[in-house]
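Trainee: Give me coordinates for this.
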Amino acid sequence: MTVDARAPIRHVLATAALVIAGSIWYVLYVFGVAGPFWPVYWLLPIGGAIAVYGMVRLINAVPLLPVVRRFWGRTAVAGASIVTGYTLLAIDVMRNSVGDRPPPIGGIAASFVGLGFGMAIWAVTAVPMGRARGSQWRLLLDRSIAFFGLAVLLWHFCVAPMLSAADPWSDAGIALVGMACLLAMGGVAKVSYVTGGPVDRTAVRLIAAIGLTAAVLAVLAVNLGWDGDVPGQAIVLPMAPLLAALAARSQWQAVLTPPVEPERPSGSWLPYLAVGSVAVTLTAVATGGMTWTDRTAMLLSVLVGLLVTTRLGVGFRDNARLLAERQQSELQLQHEVTHDGLTGLANRALFRDRLAADLRVRDAVSALIIDLDDFKTVNDSLGHAVGDRLLVSVAEALRTAAGSDGLPARLGGDEFAVLVSERPEMGTIVAQRVLDALSRPLGPDRLLVQASIGVSTAAKGTTLDTVLRQADVAMYAAKQRGKAGYVTYLPGMEKPVLTHIQLGGELRRALDEGEFRVHYQPVMRLEDNTLIGLEALVRWQHPTRGLVLPGEFIAAAERTGLIVPLGRWVLRETCRQVAAWLTEFGPESLQKVAPNVSARQLHDPDFVADVREALAESGLPAERLVLELTESEVLRGRQVLIALHELHGLGVRLALDDFGTGESSLSLLRAFPVAIVKLDKSFVDGIEIEDGDPAAADARQAVARAVSQLAGALRLDTVAEGIENAGQVAKLRELGYRLGQGYHLARPMPAEQMRKLLRAQAHKPVVAAN
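Mentor: From the prediction side, this is the model:
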């Protein structure tokens, strides 16, 4: 619903204009140039109609709670009844005034006004006003002091003079003024000593103050006679519609902008005001028909009471200020303890507390664990300042995605969470919202970030640790399935995930205890099966499982970040071993060796320095080292491009592995300093088949032929991977391939077996590959 915040101010301005008009009219009246007095009796009906219309607009245009809507509905009805009564009075004054004296209010008009005051009293009395402070007995005592203190003041200065006036008031007039005083006293007592509540407290005060306008009119009439009625009708009574319009505006603004200040005690000053009102009344009595000694004693007593009251008031003011400052400090400290300092989200402690509380009382609770994919590369390549800005942007995206359905939190680092305490399916709905929010560039740096999300939905009574463990398991399952997605926990999901997690711990131990080995697969010249180079492949010599192939542990190494120290060790060991073989068998025994490099290594800011250090320690010439990269690793941003060009500047050659399987193979050949392309095994399989269908054979050979021709045009070396039989060798040679590797030519072998092969070929001449 769209709410017009300007509407209430128009009603306030209109009623204020009537007050100003009445004041101007009265000045003119005093100087005898205003004409007849009956027009001022229309100010209250006109202003009241405007105020009632403002209340109706409030009810129809603003989303109010039912109890608030009922309050304003009753108040609007009360206002309409009062307006009707005063309209009848204005008509009667206009028709039946005798000279400068208006007629007394008629029975029908008085009935409407009395009904309106009664309805207003009911509306103020019936509305709940929020949480009271202190015990019920203390609350009752404080409200009684406020009520009767104001009652003493209104009785002495307003009601009692009406009862004893020389020119007696009508019973209807006395009853109406009494009801107005009751409205004022009840409203003041009603809004005392409470905080919050559905109806705006300021609005209730303003409605209650309307009763004081009738009391002031009565005081003027009692003390000035008929001369007091004119300023009362021209200035005092038009204030009532203005107060009503201001009340509606206050409620309107309270709905649009709810107060966020810490709660403070309300109404604690009323007992002191009540004592002050009693003092004023006693002073007035003392100035009446009493002896001077009695008056002096009473005045001194009043003075002492006023001094004590003033002292208590000063102490209350100081205490209230100190209490407010303490509350503000406590709120700030509580916020800092329970919220993340960078993002402003709830922290791990608050998230756990809220989750535990919801698990005790709600039928279904969902917890989302969100881990940003490859966030470390942002910090490593762009700096921690950029990373922090991205985290703040991710937090804002989570707030938007969670909306009113969940509590977003930052658990630490690049790990976030969302608590959803609605119906069970809301967990996956919010998870999809998060993925959608992260699918667009975020923050001032316009960076894309992906996340893996685990969702766990639990019933009431489930333990906190169980829910978090299940969400963690689901999150790791999402990472294993390719990242950038969400997975909902299912029973039994722990086994593969826990195995994967345990594998990370074993890898750390294996790295520390030196269980990894480097095996070497020869790259052969297809023409004469001569060894030209080697591809370095890591193996894990497990103490109980034996030799473990990389397919079983590389993914875990990538996930845990251990791929960086593992890759560093493979690089150094390869350089050391090959340099030793070149020394033993001569520089012509091997032209190149090629270890594989992962994307995490390329994003490591120390990677180029690691390569330089490995070459320097081993003495291996840079031109003998080839680093093999896949297309997906090369397509990783500016940091990778800078690293590759630095390596090229060292003399290290770069090979594009699995060429032809990505989406941007051709563009990579121009954008990156590639020296070698390796034809993927999928394009070698079946290349030798001759089934009598030339078209089918050409189709199987098309990619291999195109890659060979393209590499020749760009003066790049080509290596065919995955050769498994002699027919494939023959066909690849026919298509222009000179180098290849595969099980048909030679299987990967440990260093000692590789040394024997090099010794056997030491006497053969080695022809350099172009």
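
Trainee: so where do the helices sit in the stretch 601-750 of the chain?
Mentor: 607-618, 631-634, 638-650, 665-671, 694-714, 726-734 (DSSP state H, counting those that start in this stretch).

Trainee: ranking the ones you listed by mean pLDDT, which is last?
Mentor: Sorting the helices of the stretch 601-750 of the chain by mean pLDDT places helix 631-634 lowest, at a mean of 59.

Trainee: just to revisit the earlier point, compare the helices of the stretch 601-750 of the chain and give me the one nearest Ala14.
Mentor: Across the helices of the stretch 601-750 of the chain, Ala14 has its closest neighbour in helix 638-650 (63.7 Å, Cβ to Cβ). C-beta coordinates here come from the backbone N, C-alpha and C atoms, glycine included.

Trainee: Identify each buried residue in the closest one, please.
Mentor: Within helix 638-650, the residues scored as buried using 16 or more other Cβ atoms under 10 Å are Gln639, Val640, Leu641, Ala643, Leu644, Glu646, Leu647, His648.

Trainee: does the fifth one really touch Ala655, like I thought?
Mentor: Okay, so that is Leu644. No. Between Leu644 and Ala655 there is no contact under Cβ atoms under 8 Å: 11.6 Å.

Trainee: what about the helices in the stretch 351-500 of the chain?
Mentor: 376-382, 384-402, 426-437, 464-480, 494-512.

Trainee: can you put these in JSON lines and add mean pLDDT and distance to Arg525?
Mentor: Below are these laid out as JSON lines (pLDDT from 0 to 100; distance: least, Cβ to Cβ, whole Å):
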{"stretch": "helix 376-382", "mean pLDDT": "75", "distance to Arg525": "39"}
{"stretch": "helix 384-402", "mean pLDDT": "90", "distance to Arg525": "48"}
{"stretch": "helix 426-437", "mean pLDDT": "90", "distance to Arg525": "50"}
{"stretch": "helix 464-480", "mean pLDDT": "88", "distance to Arg525": "40"}
{"stretch": "helix 494-512", "mean pLDDT": "80", "distance to Arg525": "36"}
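
Trainee: can you put these in TSV and add mean neighbour count and distance to Arg600?
Mentor: Listed next are the helices of the stretch 351-500 of the chain as TSV, based on neighbours: other Cβ atoms under 10 Å; distance: least, Cβ to Cβ, whole Å:
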stretch	mean neighbour count	distance to Arg600
helix 376-382	19	7
helix 384-402	19	16
helix 426-437	20	23
helix 464-480	21	14
helix 494-512	15	14
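
Trainee: Ala367 is nearest to which of those helices?
Mentor: Closest among the helices of the stretch 351-500 of the chain, using Cβ to Cβ: helix 464-480, at 4.7 Å.

Trainee: Would you mind getting the angle between the closest one and helix 426-437?
Mentor: 40 degrees (axes from the mean of the first three to the mean of the last three Cα atoms, to 10 degrees).

Trainee: returning to that earlier point: can you lay out the helices of the stretch 351-500 of the chain as CSV showing distance to Leu590?
Mentor: Output for these, formatted as CSV (distance: least, Cβ to Cβ, whole Å):
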stretch, distance to Leu590
helix 376-382, 33
helix 384-402, 42
helix 426-437, 48
helix 464-480, 38
helix 494-512, 27
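
Trainee: Looking at those, spot the one closest to Pro587.
Mentor: Comparing these under Cβ to Cβ, the one sitting nearest is helix 494-512, at 32.4 Å.

Trainee: What is the neighbour count of Thr202?
Mentor: Neighbours of Thr202 under the rule other Cβ atoms under 10 Å: 16.

Trainee: cool, Val337 as well?
Mentor: 10.

Trainee: pLDDT on the helix or strand where it lies, on average?
Mentor: Assigned by DSSP states H and E, Val337 belongs to helix 292-338. In this model, helix 292-338 has a mean pLDDT of 63.

Trainee: Which pLDDT value goes with Tyr86?
Mentor: So Tyr86 comes in at 86 (pLDDT).

Trainee: Run a quick neighbour tally on it.
Mentor: Neighbours around Tyr86, by other Cβ under 10 Å: 27.

Trainee: Setting the sequence-adjacent residues aside, check what's closest to Ala459.
Mentor: Nearest residue to Ala459, sequence neighbours excluded (Cβ to Cβ, 6 or more residues apart in numbering): Ala364, at 6.3 Å.

Trainee: roughly how far apart are that neighbour and Val177?
Mentor: Applying Cβ to Cβ, to the nearest Å, the value for Ala364 to Val177 is 59 Å.

Trainee: and if you look at Val518?
Mentor: In terms of Cβ to Cβ, Val518 sits 103 Å off from Val177.

Trainee: do the same with Ala234
Mentor: Taking Cβ to Cβ, one finds Ala234 at 18 Å from Val177.

Trainee: circling back to that earlier point, compare Ala364 and Val177 and say which one has the larger neighbour count.
Mentor: A direct count of neighbours by other Cβ under 10 Å for Ala364 and Val177 places Val177 higher, at 24 against 19.

Trainee: mind checking which helix or strand the more buried one is in?
Mentor: Here Val177 is assigned to helix 171-190, by DSSP H and E.

Trainee: Can you verify my assumption that the residue nearest to Ala459 contacts Thr462?
Mentor: No. Ala364 is beyond contact range of Thr462, at 9.9 Å (criterion: Cβ under 8 Å).

Trainee: Next up, the contacts around the most centrally placed residue in the chain.
Mentor: In the chain, the centroid-proximal residue (Cα atoms, centre = their mean) is Arg399; its distance is 2.5 Å. Shown in contact with Arg399 (Cβ atoms under 8 Å, 6 or more residues apart in numbering): Leu345, Pro408.

Trainee: now it: how far from Arg410?
Mentor: Taking Cβ to Cβ, one finds Arg399 at 11 Å from Arg410.

Trainee: Give me the common contacts of these two.
Mentor: Leu345.

Trainee: Where does pLDDT dip in the stretch 1-150 of the chain?
Mentor: Applying pLDDT under 70 to the stretch 1-150 of the chain picks out residues 1-8, 99-100, 128-150.

Trainee: let's go with 80 and repeat that
Mentor: 1-8, 32-35, 37, 97-102, 104-105, 117, 121, 124-150 (pLDDT under 80).

Trainee: Likewise for the stretch 501-650 of the chain?
Mentor: 501-502, 504, 559, 630-641.

Trainee: Run through the strands of it in chain order.
Mentor: With DSSP state E, counting those that start in this stretch as the criterion, the stretch 501-650 of the chain has strands at 516-525, 530-542, 546-548, 592-595, 626-630.

Trainee: mind giving me a markdown table with the ones you listed and columns for mean neighbour count and distance to Leu745?
Mentor: Putting these into a markdown table (neighbours: other Cβ under 10 Å; distance: least, Cβ to Cβ, whole Å) gives the following:
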| stretch | mean neighbour count | distance to Leu745 |
| --- | --- | --- |
| strand 516-525 | 22 | 4 |
| strand 530-542 | 21 | 9 |
| strand 546-548 | 12 | 21 |
| strand 592-595 | 24 | 15 |
| strand 626-630 | 21 | 17 |
